[in-house]
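Chemist: test case, fold it:
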Amino acid sequence: MWAALFGAVISVVIMFLLTWWAALIAIGVVLFLLLYVIYKKPEVNWGSSVQAGSYNLALSYSVGLNEVEDHIKNYRPQCLVLTGPPNFRPALVDFVGTFTRNLSLMVCGHVLIGPRKQRMPELRLIANGHTKWLNKRKIKAFYSDVIAEDLRSGVQILMQAAGLGRMKPNILVVGFKKNWQSAHPATVEDYIGILHDAFDFNYGVCVMRMREGLNVSEVMQAHSEYMPHLLGAPVKNLNSIPESSRMIFFKWWREERGTLVTCPSAPAVDPEALVQEEQASTIFQSEQGRKSIDIYWLFDDGGLTLLIPYLLGRKKRWSGCRIRVFVGGQINRMDQERKAIISLLSKFRLGFHEVHVLPDINQKPRAEHTKRFEDMIAPFRLNDGFKDEATVTEMRRDCPWKISDEEINKNRVKSLRQVRLNEILQDSSSDAALVVITLPIGRKGKCPSSLYMAWLETLSQDLRPPVILIRGNQENVLTFYCQ
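Modeler: Residues are numbered from 1 along each chain as shown. This next block holds a predicted model:
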């Protein structure tokens, strides 16, 4: 190899010594042909040397990363995103893809539930399609799918096996389970169990909630059912389509085509009656304007709650947004605490200068909001106050997700805190482009899944901007030390 390289260099030198202008022309022609072939990418039936070289280079660098020691200065948020089929949750994909682009790893995880023999053919068919969808949307990410008997075990497999060497995810990103109150309790138990598993595997956790919801598969179903009708073809089982799907599709068609849609099996959709909401599938693809990114830094989680908004603010679509940091404090020490936080943030070199101290964060919430929370958890209460211990134990074994009177009393302060925080969010951040909050944690075995979901529901409900709940794994991701 080295002898060939030496011979090639000598040949080029001799060419220039003999006739320099002819050598320049020859090299120019070769470079032109090379660039032309790279640009046109002709279909050939043999392997490309460029592809082989790219593979060898990527493999060499990936193995070389194993020699790089972990250091806080080298930390990168590498995300495992539970998207299912990525095109079902485009907003989740776009959000993570925005701050990981050209910076760190992003893996879209999909768990196919069922027997391996039945799901294996599907597994082989869908992978290429999802990868092409990511490329078409200009998302620099990998797609990874597994087959498992249930969602939780599948996610456990992904968290342990996703990635390669140093390029392994360290943050689990999930969407908020919007239907938790009507879903089967076992699925809610699995959802909360996944969050606990993430912390056990030393992952940070990010939960995303949007008022419109994240899953647009219902829109896609309505699109496939109604498009033939709009093109003049008969539609089968029109009445079987949920009314919500019909409304969503009519709204989409109105916005895309500018025409009012009517259907014999559904009422006409008046554009004045439609709520003017941003589409969940495109919100993170548009410019955010001169709004704000509001960070509610309520607990020290290693700095992840600050780092993600910082990376987001550096991107073009979000560069016009100012970043506001909200922290808890005491009313008689507001100025001192504000100056201390500003000084700390300046040492982190994040460029956050707008800090707001919330002295009323521990006040009691309004009575009507407290009652709303109590009504929310009422269907999930065990109501064991006047029952004997044996009966309570049996009820707890049969329904582990239900909330006992003792658990309600022990967690009352934390429950009221979520209600109060939602009031503050409604007052301070209703016009923000994005709200980032430190994710509250329910102790495993001490906080039932239904109570924890009620906390998350209460904290983020009725907010217009997207809400991101973030909790690091106590690993420091920011430092003001130079070494």
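Chemist: show me the domain layout of this structure.
Modeler: Here the domain assignment for the chain is 72-234+271-286, 290-482, based on the TED database.
Chemist: excluding chain neighbours, what is closest to Val357?
Modeler: Excluding its sequence neighbours, the residue lying closest to Val357 (CB to CB, 6 or more residues apart in numbering) is Gly329, at 3.9 Å. C-beta here means a position set from N, CA and C on the backbone, and glycine is covered the same way.
Chemist: and for that neighbour, the neighbour number?
Modeler: Using other CB atoms under 10 Å, Gly329 has 21 other residues around it.
Chemist: do you know how far it is from Gly472?
Modeler: For Gly329, the distance to Gly472 (CB to CB, to the nearest Å) stands at 22 Å.
Chemist: so Val146 touches Gly154, yeah?
Modeler: Yes. Using CB atoms under 8 Å as the test, Val146 is close enough to Gly154 to be in contact (5.2 Å).
Chemist: who touches both of these two?
Modeler: 111-112 (CB atoms under 8 Å, 6 or more residues apart in numbering).
Chemist: could you pull out the strands in this structure for me?
Modeler: Applying DSSP state E to the chain gives strands spanning 79-82, 106-113, 142-148, 171-175, 204-209, 292-296, 322-328, 354-358, 434-438, 467-471.
Chemist: helices or strands next to the shortest one in the packing?
Modeler: Counting contacts by 3 or more CB pairs under 8 Å, 6 or more residues apart in numbering; DSSP states H and E, the secondary-structure elements packed against strand 79-82 are helix 90-100, strand 106-113, helix 151-161, strand 171-175.
Chemist: more neighbours: which of Val146 and Gly154?
Modeler: Neighbours were counted for Val146 and for Gly154 using other CB under 10 Å; Gly154 has more, 21 against 18.
Chemist: tell me the contacts of that one?
Modeler: 111-113, 146-148.
Chemist: of those residues, buried ones?
Modeler: Neighbour-count burial (16 or more other CB atoms under 10 Å) is assigned, among those, to 111-112, 146-148.
Chemist: for the chain, what helix or strand is lowest in average pLDDT?
Modeler: In the chain, no helix or strand scores lower on mean pLDDT, DSSP states H and E than helix 243-257, which sits at a mean of 48.
Chemist: distance of the closest residue to Ala23 other than its chain neighbours from Ala26?
Modeler: Distances taken as CB to CB, 6+ apart put Met15 closest to Ala23, at 3.9 Å, once the chain neighbours are dropped. According to CB to CB, Met15 and Ala26 sit 7 Å apart.
Chemist: for Phe299, same thing?
Modeler: With CB to CB as the criterion, Phe299 and Ala26 are 66 Å apart.
Chemist: which residues of the protein score low on pLDDT?
Modeler: The chain contains residues with pLDDT under 70 at 43-50, 218-281, 384-389, 392, 480-483.
Chemist: OK, contacts around the nearest residue to Leu164 once chain neighbours are set aside?
Modeler: Spatial nearest neighbour of Leu164, excluding adjacent residues (CB to CB, 6+ apart): Ser62 at 6.1 Å. Ser62 makes contact with 164-167, according to CB under 8 Å, 6+ apart.
Chemist: same check on Ile308?
Modeler: 77, 99, 206, 436, 468, 470 are the contacts of Ile308 under CB under 8 Å, 6+ apart.
Chemist: how many residues are close by Pro448?
Modeler: Neighbours around Pro448, by other CB under 10 Å: 28.
Chemist: let me fix that, I meant to ask about Asn215.
Modeler: Neighbours around Asn215, by other CB under 10 Å: 19.
Chemist: how much space between the closest residue in space to Lys291 that isn't next to it in sequence and Leu125?
Modeler: Spatial nearest neighbour of Lys291, excluding adjacent residues (CB to CB, 6+ apart): Ala433 at 3.7 Å. In this view, Ala433 and Leu125 are 38 Å apart by CB to CB.
Chemist: neighbour-wise, which of those two wins?
Modeler: Ala433 (22 against 9).
Chemist: and the gap between that one and Arg314?
Modeler: From Ala433 to Arg314 the distance is 15 Å (CB to CB).
Chemist: go on, Thr305?
Modeler: Distance from Thr305 to Arg314, by CB to CB: 16 Å.
Chemist: compare neighbour counts for the two and give me the winner.
Modeler: With neighbours defined as other CB under 10 Å, Thr305 and Arg314 compare such that Thr305 has more, 27 against 13.
Chemist: surely the more buried one meets Ile293?
Modeler: No. Assessed by CB under 8 Å, Thr305 is found out of contact with Ile293, at 11.7 Å.
Chemist: list residues touching both of these two?
Modeler: Val436.
Chemist: who are the contact partners of the spatially closest residue to Gln156 that is not a sequence neighbour?
Modeler: Distances taken as CB to CB, 6+ apart put Asp197 closest to Gln156, at 5.8 Å, once the chain neighbours are dropped. When contacts are counted by CB under 8 Å, 6+ apart, Asp197 is found next to 152, 155-156, 159.
Chemist: much appreciated, bye for now.
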